[in-house]
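**Q** when you get a sec, could you give me coordinates for this:
(chains A and B)
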Amino acid sequence: MTDTTQELKVTAASDIAVDHEALDASIREFAGPNGDTYVTAFHKIHNATGWMPPTFNIWAALLGPLWAAARGVWGMFWGFLILEMIAWVQLGRGLWGNPGAAFLDRAETQSARAAEFLQRAEAAKAAGEDPARFEKLAANLTKAAEDSLAQGQAASSEAMGILLTGLALLLIVKLVQGFFGNSVYERQYSRWRITPGSVENGRRTKNIVLGLFLVAAIAPLTVYKFTVASPSELLNVFPEKEVSQVFLGEGNATLFSTIANWLEARIDETARAGADVFDGVTAGVRSVLNTLTVALSGTPWPVVMLVICVTAWRAAGPRVAIFTAASLAYIAMLGYWEVAMETVALVGAAVVICVAFGIPLGIWFGKSQRAYRAAEPVLDLMQTLPAFVYLIPIIAFFGTGNPPGILATIIFGMPPVIRLTALGMQGVPESIKEAATAFGASRFQLLKDVEVPLALPSIMAGVNQTILMCLSMVVIISLIGGGGLGKVILEALQYAAKGPGLLGGFAILFCAMVIDRIVQGAFRREDLKQ
Amino acid sequence: MAEPVVRLSNVWKVFGTRAAEAMQAIRAEGLGKPEVLKRFQCVVGVQDASFEVPRGEIFCIMGLSGSGKSTLVRHVNRLIAPTSGQIEILGRDISSLNERELREVRAKQIGMVFQHMALMPHRSVRDNVAYPLEIRKVAKSRRWAISDHALGLVNLTGYEDRLPKELSGGMQQRVGIARALASDPEILLMDEPFSALDPLIRLQLQDQFKALVAQLQKTTLFITHDLDEAIRIGHRIAIMKDGVIVQIGTPEEIVMNPADDYVREFVKGISKLKLVKAHSIMQPMDSHKGPLDGAPRADEGADLDQLINLSVATDLPVVITEAGRDVGIVTKPQLLRGIQGGKDD
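**A** Numbering: from 1, shown residues only, chains lettered A, B, ... in the order given. Presented below is the predicted three-dimensional model:
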C-alpha cells in the first residue's frame, strides 16, 4: 500500500513547545550582523502580550533614521527623520535663532529717532520756536522703543523655552525610536519570512550610504532654513531665470517663453497644414449635429414632446413617463424649449460619435490586453485633463462654435464607454465562449451571439456614463461658442444673474435625468429584469 | 473492426511560450515533466496519449484534477492544438483542416457538454439548444423543430421558452446535453458533465444518459474524476495521471487487473458484485474432482451477484456455460476471492 500511516500525537495547546532552534536560525539569517541581539529582542517581542514590547534598541535610539536606513526599514527612516528634524529645528531656533532680534533692532532705531527729535526740539528752543511738537514726537517714540524692547526681551526669554521644548522633544523621539525600533524591525522580519525576495534584510552598505546621503541632503538645509532669521534667498525661490541662462545663454528669453513660443508656432503650423483634415472633421460633426437639430427642432414641438413621452413610457414605464412630461412642461413653459432642443442635439451628436467609435475600440481593447495597456494612459489623460486645457488647441484647429464644442465634449465623454465595453468583454465567461467555439462559431459569430450580448449591460452602463459626462460639458463648451442651455448659464454667470442661472441649471438637470432614465430603462436586458 | 471514429496517436501537449523547443528537447533527451518546467517554464499537459474509440462506444477518461483529461479531450475538436501527434476524426486528420472545415466538423460531427453548462443566459432554452444549428445557418423553423425534439429526448418538453436561470442545475445540464445532440453529431464530448450536480440527480442523469447514447449510437468521450461514474457509464476506461494514460481497459479489466499501484488504490473501494463476470474467475472443468450432477448453471456473462444467488442453494460449484456448452466452474472460495477483487490464494 502506498499510504503511510502516521501516528498523530495529540498535545494540549499549553504543552506545545516553541521550536527555538529553527526560529533563531531564521532570525539570524534575517538580521545579519548583531544577529544574537535581535534573536533576544525578537523573542521578547514574541513572548510579550501587552502593547509595549520590553526591548530597547540603543542604536535605533542614538542613530534614529540612520539605523533604520542601515537596516532597510525605509518607512521608519522617513518617520524618524521627520520627527528628529522637528526636534532639531526647535533646538536650532532656541540656540541661535534669536527670535527677539527683530524687536531689539526696532527698539534701537526708535530710541535713535527719539534722540534725534529731542535734538531738533533743543534746536527749535534755541531758535526761539515752539519745541512742543518735537518733544511730543520724541516722547511717543521713546515709549514705542520701550515697548519694542520689552517685546524683544520677552521673545528672547521665550528662546529658552523653545530650546527646552526642543530638547524634550528630541529626548521623546529618541525614546520612541529606542523602544519601538525592534518592534518595527520584527514586523519587517515577519514580512521577510513571507517574501524574502522583496523585503530587505541584514545591514547593507548600499542602504547605509543612501541613508547618509539622504540625511546629509535633507537635514542641514531644512534646519538652516527654519532657524536662521533671514535665510539665503536661493532657498526661498527656485532660481528659474538663472537656470534658463545656463541653458540658453546670457540675456536670452526664459525656458518658459521659448518652449511656449515654439509650441505655439507648431500648433499654428499644424493648423495651417492640416486645415483640410480639420475642416473635414468639423463638417462630419456638423452633419451629425444638423441631422439631430432638424429632427428635434425642425419637427413640430407637440410631435417631439409626444414622441419623448411615449418613448419614456415604453422604455421605462409610467412613472418615468410622468416625470418626463413634468420636465418637458418645465422646460417649455419657461421658454427653454428651443435651447433645450439645441442642447439635446449637441449632446446627442457627441454621444452618437462617442458610441460609434467607443464601442468598437472597447471591443478591441477587451480582446487585446496589449492594445488596452497602450491606450490606458491616453484614456486617463482624456478624463483627467481639465477641459479648459484642451479647449485652446481645439479653437486653434477647429475654430469656435458648436462642432468644436462637440469635439471637446467627445474628448471628455468617450473614455467611459470604451472602458466599460472593454470591461464587459473581459467579463464574458470563458466557458460560454468555449462552448460557442466548440459548436463551430466563427469569430464574428462568437462576437455577435455571445460576447456583445453578454457584455451589453456593461456596455450600456458605459453609454449611460458617456451621456452624463457629455451633458456635464454643456456649460463648458459654451465658452468656445457652443449654444444651448450652456449659453444661458454662461450669460447668467457673466451678469451674476442668480434667478436665470438657477432656472437654466434646473433645465439642464431635468434634461439629464430624463435622458438617463429613458436610456437605463430601454437597455435593461430581458434576462436581467426582475 | 470498422474504422474507429476517434483515433489519437502519440498526442503531446506542452503549454508555454517555448513549447516547440521543449518538445524537441523531450524527444531528443527524454526529459521528464519537472525538468521541462525548470528548463523551459513549460507545463506538459498531455504525454504521448494514444487510443481509438469505435462507433457507439462510451470511452471514459478518468483522472483527478490536473491530470490532463480535459486538455486531452479538447484536442478532439481542436479547441486545443496538439504540440505533436495526430488526431483523426472519422479518418480525417483534424490538424490538416482549414478554419472553415474545422468549424464545419465542430458544428456537424462533434457535440460537447461542459461541466459548468455554459448556456447563454440571454437566450431561451430552445434558442440555446438551437445555437449549433443557427451557426450552420439552418432555417428557424427547422432548428426550432429539431431543438424541441432534442429537448424531448432529455425530458424537457414544456421548458422551451424558459431562460436557463429559471431551471435547476440538473435541468440546465440536460439542456446542455440536448444542445450537444441537436446537430446529430457522430461524437459527443462530455467534460465532467455531472460533476457539479448532487449525487441523486447525478445517478439519475447517468442512467438517462447511458440509455440515450445506447439508443442514439453516439460515440462518446466522457471525462470524469469519479471512478464509480466511469464504471457505471463507460464501455472502456482510460485512467490518466499527470498527463499520462496509465491504463486503458474495460471496467472489469481495470478492477481485476490494475496496471499499477495508482490504479489499484483507486479501484480498492469499488464494489465488484455487478462488475466481475463469471468468465474472469472461473476454473477449468477438470479442476473439480467429483460429480457435478445437479450443479447450478450460469452463463459466462453472469456477474458475481447472480453467482452468489446460485451458489447459496447448493454445496456444489457453479458450472459456467458458453452458448450451452460447459466451459468452466466457479467454486465457493473462488467466488469469495472474486468479491474481494480477484486475489489469488
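
**Q** and the residue nearest the centre of chain A?
**A** When C-alpha atoms, centre = their mean is applied to chain A, the residue found nearest the centroid is A:Thr384 (9.8 Å).

**Q** any idea how far A:Val378 is from it?
**A** Separation of A:Thr384 from A:Val378 (C-beta to C-beta, to the nearest Å): 11 Å. Heads up, the C-betas are built off the backbone N, CA and C, glycines and all.

**Q** what of A:Ala356?
**A** 18 Å.

**Q** ditto for A:Tyr38
**A** Counting by C-beta to C-beta, the gap from A:Tyr38 to A:Val378 is 50 Å.

**Q** out of those two, which sits in the busier spot?
**A** A:Tyr38 (24 against 11; other C-beta atoms under 10 Å in any protein chain shown).

**Q** once you drop chain neighbours, what's closest to the more buried one?
**A** A:Ala31 (4.0 Å; C-beta to C-beta, 6 or more residues apart in numbering or on different chains).

**Q** now do the one you found against chain B, distance only.
**A** According to C-beta to the nearest C-beta, to the nearest Å, A:Ala31 stands 32 Å off from chain B.

**Q** isn't that residue up against A:Trp192?
**A** No: using C-beta atoms under 8 Å, A:Ala31 makes no contact with A:Trp192, being 10.0 Å away.

**Q** which neighbours do those two share?
**A** In terms of C-beta atoms under 8 Å, 6 or more residues apart in numbering or on different chains, A:Ala31 and A:Trp192 are both contacted by the residues A:Asn201.

**Q** pLDDT wise, what is the closest residue to A:Gly166 other than its chain neighbours at?
**A** Nearest residue to A:Gly166, sequence neighbours excluded (C-beta to C-beta, 6+ apart): A:Gln90, at 3.0 Å. Among the per-residue scores, A:Gln90 holds a pLDDT of 85.

**Q** and the residue of the stretch 351-500 of chain A found nearest chain B, how many neighbours does it have?
**A** Ranking the residues of the stretch 351-500 of chain A by distance to chain B (C-beta to the nearest C-beta) places A:Gly440 first, at 3.0 Å. Look at A:Gly440: counted by other C-beta under 10 Å, it has 23 neighbours.

**Q** what number of residues lie near the residue in the stretch 201-345 of chain B positioned nearest to chain A?
**A** Proximity of the stretch 201-345 of chain B to chain A (C-beta to the nearest C-beta) peaks at B:Asp261, 5.4 Å away. The tally of other residues near B:Asp261 (other C-beta under 10 Å) stands at 10.

**Q** follow-up on the earlier one: SS state for the residue of the stretch 351-500 of chain A closest to chain B?
**A** With DSSP: H, G, I helix; E, B strand; the rest coil as the basis, A:Gly440 sits in coil.

**Q** got it, and B:Met112?
**A** Secondary structure of B:Met112, reduced to three states by three-state DSSP: strand.

**Q** picking that back up, how much space between the residue nearest to A:Gly166 and A:Gly152?
**A** 20 Å.

**Q** repeat that for A:Ile331.
**A** For A:Ile331, the distance to A:Gly152 equals 70 Å [C-beta to C-beta].

**Q** also A:Ile308?
**A** According to C-beta to C-beta, A:Ile308 and A:Gly152 sit 77 Å apart.

**Q** next up, the contacts around A:Glu242.
**A** By C-beta under 8 Å, 6+ apart, A:Glu242 lies in contact with nothing.

**Q** which element is whichever residue of chain B sits closest to chain A on?
**A** Per C-beta to the nearest C-beta, B:Ala107 is where chain B lies closest to chain A, at 3.0 Å. Using DSSP states H and E, B:Ala107 falls within helix B:99-109.

**Q** rewinding a little: which one of A:Gln90 and A:Gly152 has more residues nearby?
**A** Each of A:Gln90 and A:Gly152 had its neighbours counted (other C-beta under 10 Å), and the higher figure belongs to A:Gln90 (24 against 21).

**Q** secondary structure class of the more buried one, three-state.
**A** With three-state DSSP as the basis, A:Gln90 sits in helix.

**Q** contacting residues for it?
**A** By C-beta under 8 Å, 6+ apart, the contact set of A:Gln90 is A:162-163, A:165-166, A:169.

**Q** which of the residues you listed are buried?
**A** Among these, those buried by neighbour count (16 or more other C-beta atoms under 10 Å in any protein chain shown) are A:162-163, A:166, A:169.
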